[in-house]
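below are the sequence and a predicted model for it; my questions follow.
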Amino acid sequence: AQSVTQLGSHVSVSEGALVLLRCNYSSSVPPYLFWYVQYPNQGLQLLLKYTTGATLVKGINGFEAEFKKSETSFHLTKPSAHMSDAAEYFCAVSDPGNTPLVFGKGTRLSVIA
Amino acid sequence: DVKVTQSSRYLVKRTGEKVFLECVQDMDHENMFWYRQDPGLGLRLIYFSYDVKMKEKGDIPEGYSVSREKKERFSLILESASTNQTSMYLCASTPGGGPSGNTIYFGEGSWLTVV
């Protein structure tokens, strides 16, 4: 069965600092990988996804993630944090088949002025 | 833009009540999902549906049922609400015969409190 592990339930960074949110997955086949963001009292919004092709994926709001098969990782990064990035971030995985997304437990990002 | 609409954002219900959470999507998506979100537990799949009148159990179906009579509407039913069902409920939809690679679109969520 697939599983997703997000390291760190809460990450705090200074404004302008690098953002790194970690995600590792377990899957028996090369999966499809997603990062979603949730702002307070809202639903989830897609940041970026990896399906096939280039392993470095660029998303909205300056975020990007790299699929590393050898490390079974899909870490999310942003070079310079902004106050508006404060939110909860979810990594998710699905197998190439008719299976629903499996989500990690989420990482809450705080940005300090 | 895809729109997934959850009719109730905030509900307060009493223990033992029957509760209906309604979800409608406007993009002719085949697949619809109900997730439950709790702090520290992330999103957990309750039920999903890949077609009208079709339903499949997710990871935590106990205490819930669903109905999909029309393609655009997917309802979550709590037959007899209990306090441990106090949570945020998220409906989602995605096109195609399966979710692989397809973006899943979420509603704004329904906050349910059972007292």
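Great, that's in hand.

got any ranges where chain A has weak pLDDT?
Along chain A, the model assigns pLDDT under 70 to residues A:1, A:97-98.

kindly report the residues of chain B close to chain A.
Residues of chain B lying close to chain A (CB under 8 Å from any CB of the partner chain) are B:4, B:33, B:35, B:40-45, B:48, B:50, B:58, B:90, B:92, B:97-101, B:103-104, B:106-109. For every residue, glycine as well, the C-beta is placed using N, CA and C.

out of those residues, which sit inside helices?
In helices, defined here by DSSP state H, there are no members of the residues of chain B next to chain A.

tell me the buried residues within these.
Among the residues of chain B next to chain A, those scoring as buried are B:4, B:33, B:35, B:42-45, B:48, B:50, B:58, B:90, B:92, B:98-101, B:104, B:106-107, B:109 (criterion: 16 or more other CB atoms under 10 Å in any protein chain shown).

distance between the ends of stretch B:53-69?
This stretch, stretch B:53-69, spans 6 Å end to end (CA to CA, to the nearest Å).

given the helix or strand bottoming out on mean pLDDT in chain B, what are its sheet partners and their directions?
Lowest on mean pLDDT, DSSP states H and E among the helices and strands of chain B sits strand B:105-106, with a mean of 91. Strand pairing for strand B:105-106, determined by DSSP bridges: strand B:87-94 (antiparallel).

pull the residues that contact the partner strand.
A:43-44, B:2, B:4, B:6, B:21, B:23, B:25, B:27, B:29, B:31-38, B:43, B:46, B:74, B:76, B:102-107, B:109-112 (CB atoms under 8 Å, 6 or more residues apart in numbering or on different chains).

what do you get if the cut-off is 7 Å, keeping everything else the same?
Strand B:87-94 has contacts (CB atoms under 7 Å, 6 or more residues apart in numbering or on different chains) with A:43, B:4, B:6, B:21, B:23, B:25, B:29, B:31-38, B:43, B:74, B:76, B:102-107, B:109-112.

so who does the spatially most central residue of chain A touch?
In chain A, the residue lying closest to the centroid (CA atoms, centre = their mean) is A:W35, at 3.6 Å. For A:W35, the contact set (CB under 7 Å, 6+ apart) comprises A:47-48, A:59, A:65, A:76, A:89, A:91.

go on, B:E79?
B:E79 sits next to B:18, B:65 when contact means CB under 7 Å, 6+ apart.

and the pLDDT for it?
What the model reports as pLDDT for B:E79 is 94.

nearest spatial neighbour of A:E66, chain-adjacent residues omitted?
Excluding its sequence neighbours, the residue lying closest to A:E66 (CB to CB, 6 or more residues apart in numbering or on different chains) is A:L56, at 4.9 Å.

that neighbour: neighbour count?
10 (other CB atoms under 10 Å in any protein chain shown).
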